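Visitor: sharing a sequence plus its predicted fold:
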Amino acid sequence: EAHSETESLPIVVPIEREGNPIPLSYTQERLWFLDQLDGQSAAYNIPGAVQIEGLLDIETLQAAIDALVRRHEILRTTFTSLEGRAVQEIHPVMAIPLQVFESTELAESLSDWLHTRAQALFDLSTGPLLTVSVVRLSETTTSVLAVPMHHIISDGWSIGVFINELAALYNSYRQGESPQLLPLKLQYADYTLWQRQWLQGEALSTQLSYWQEQLSGAPALLSLPTDHPRPAVQRFAGKTHTVTLPLSLLAQLKVLGQRHQVTLFMTLLAGFQVLLYRYSRQRDVLVGTPIANRQQPELEGLIGCFVNTLVLRTQLDETDSVTQLLQQVRRTALGAYSHQDVPFEQVVETLQPQRTLSHSPLFQVMFVLQNAPTAALELEDVTLSPLPAQLDTAQFDLTLEMHESEAGLMGRWTYNRDLFESATIERMAGHFETLLGAMVSDVSQPIGTLPMLSSSEQTQLLVEWNDTAVASYPRYESLHGVVEQQVARTPEATAVRFESESLSY
């Protein structure tokens, strides 16, 4: 078991500001720097949207928004430069007017409208850094609320806080009651001052030394086979592919985790890293993952940019069994959790990887298992249900985001469309499902021989493509050797002869 460093963390307490400038948190500082470097961009927007069933009272909703902005300082904060350093400027008042649309007025579909909202451009120096819009669908009692925010004031957890508190305030006002929300003991500025004061000296060096050792000698790039050459400068152009893994597989994965004392996150991450290893042929695989970074209960109810990024490194050996891999992933994850307080930006600055505009530093693939509640909110006269994000940006080459639902294990694959075609990602998602099924069926199997191809793909390889009269083989760009590996491990492989130079990658 990894020792938890959080036991010795000093408690975050309100700090007397006395008119002194308030610094940015480390993550905010990076986002501010990127904004100064690249200009306004939707790449770092946090989208939020809910569907509202029932008659919506617009005036009451505006009152709830106003109360929420008064409650959370970060919602009325802007960012400016003072003597060469970025500082937070907290405004005593900031209006966030609710924008109301009728669906009959829209010249676009609802999904396009949500996409347009999510692509809002924010000026960090003037604010506000969020917008709140609602569209009322004609001839129904259904409305859709969109609340995109800039990442510098928010994160995924914060969107949930915003929606839950907005609903509670709305409900109270509708019933003619005073809001019942407990007063906030802290504000985000208290956290940033605490982080700056605590995370220095020995505390910082202890955390950083772990990451220096953990990531020493790591490869700079995970070279997944791509459909297109990597551009010299990332455009962050993204696209998504969604899948649902069956409830039966989810149940098996949970049983597997219980038997081996690993969480669902660790089990899915292990499978994902095998997939990346088999695609890239790199045994040293680094994957990023976000962590809420709210170790103290007082931080859980705040809106702000708390999320941190951890780099999870796994060194895979094709002869290792599934069991051995799970234990390695467990040790790595626990060690990372115990050193989660140092900001990712500090890790990058310390390791000083060769910087390039073509890909992100340290890792290019992210894995996320969402565990924040996403159930519908039942209020007195309306019901709020979360809607999926509408973004066409990709901060990384590939991000797999998963969450449990009543239908099964939902997977959202967000990929850089400058690198990958949709068919490639759809195939990859299918291989991942097959791989997970193989993992739960026999944990003694070596990870190098776990099957990945579907039955239809195996038929295509062994029957349709096994024609020596064919002069050239079909392009299978994204697999880059996965085809040969799978065929070589198929009993009928003796009937198939592939020459690497014959395949057009």
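Guide: Thanks, I have it.
Visitor: let me see the contact set for the residue most central in space within the chain.
Guide: Ranked by distance to the mean C-alpha position of the chain (CA atoms, centre = their mean), the top residue is Val368 at 5.2 Å. Counting by CB atoms under 8 Å, 6 or more residues apart in numbering, Val368 makes contact with 289-290, 399-402. Any C-beta I mention is one placed from the backbone N, CA and C, and that applies to glycine too.
Visitor: ok, His150 next?
Guide: 31, 44-46, 122, 124, 129-130.
Visitor: gap between it and Arg278?
Guide: From His150 over to Arg278 the distance is 38 Å, taken as CB to CB, to the nearest Å.
Visitor: do the same with Glu380
Guide: Distance of Glu380 to Arg278, given as CB to CB: 52 Å.
Visitor: so which of these two has more stuff around it?
Guide: Counted by other CB atoms under 10 Å, Glu380 and Arg278 do not tie: Arg278 has more neighbours, with 22 against 10.
Visitor: check which helix or strand covers Asp381.
Guide: Using DSSP states H and E, Asp381 is not contained in any helix or strand.
Visitor: quick one: pLDDT of it?
Guide: Reading off the confidence values, Asp381 has pLDDT 84.
Visitor: ok, how many other residues are close to it?
Guide: Counted with other CB under 10 Å, residues neighbouring Asp381 total 14.
Visitor: list the contacts of it.
Guide: Residues in contact with Asp381, defined by CB under 8 Å, 6+ apart, are 54-55, 174.
Visitor: those in helices, which ones?
Guide: Arg174 (DSSP state H).
Visitor: please point out which parts of the host helix or strand of the residue nearest to the centre of the chain sit buried.
Guide: Per DSSP H and E, Val368 falls inside strand 365-370. For strand 365-370, burial by neighbour count (16 or more other CB atoms under 10 Å) applies to 365-369.
Visitor: again, but for stretch 280-298
Guide: Residues 280, 282, 285-295, 298 are the ones in stretch 280-298 that count as buried (16+ other CB under 10 Å).
Visitor: how about stretch 123-139?
Guide: Neighbour-count burial for stretch 123-139 flags 124, 127-137 (criterion: 16+ other CB under 10 Å).
Visitor: could you dump the residues you listed to JSON lines with distance to Asp320, pLDDT and secondary structure?
Guide: What follows is the buried residues of stretch 123-139, written out as JSON lines (distance: CB to CB, whole Å; pLDDT from 0 to 100; DSSP: H, G, I helix; E, B strand; the rest coil):
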{"residue": "Leu124", "distance to Asp320": "47", "pLDDT": "97", "secondary structure": "coil"}
{"residue": "Gly127", "distance to Asp320": "51", "pLDDT": "95", "secondary structure": "coil"}
{"residue": "Pro128", "distance to Asp320": "51", "pLDDT": "97", "secondary structure": "coil"}
{"residue": "Leu129", "distance to Asp320": "46", "pLDDT": "98", "secondary structure": "coil"}
{"residue": "Leu130", "distance to Asp320": "47", "pLDDT": "98", "secondary structure": "strand"}
{"residue": "Thr131", "distance to Asp320": "49", "pLDDT": "97", "secondary structure": "coil"}
{"residue": "Val132", "distance to Asp320": "50", "pLDDT": "97", "secondary structure": "strand"}
{"residue": "Ser133", "distance to Asp320": "51", "pLDDT": "97", "secondary structure": "strand"}
{"residue": "Val134", "distance to Asp320": "52", "pLDDT": "96", "secondary structure": "strand"}
{"residue": "Val135", "distance to Asp320": "52", "pLDDT": "96", "secondary structure": "strand"}
{"residue": "Arg136", "distance to Asp320": "56", "pLDDT": "93", "secondary structure": "strand"}
{"residue": "Leu137", "distance to Asp320": "53", "pLDDT": "91", "secondary structure": "coil"}
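Visitor: and which of those residues is nearest Tyr210?
Guide: Closest approach between the buried residues of stretch 123-139 and Tyr210, by CB to CB: Leu124, at 32.5 Å.
Visitor: who are the contact partners of the closest residue to that closest one other than its chain neighbours?
Guide: Setting aside the residues directly before and after it, Leu124 is nearest to Phe79 in space (CB to CB, 6 or more residues apart in numbering), at 4.5 Å. By CB under 8 Å, 6+ apart, the residues touching Phe79 are 24, 28, 32, 86-89, 124-125, 152.
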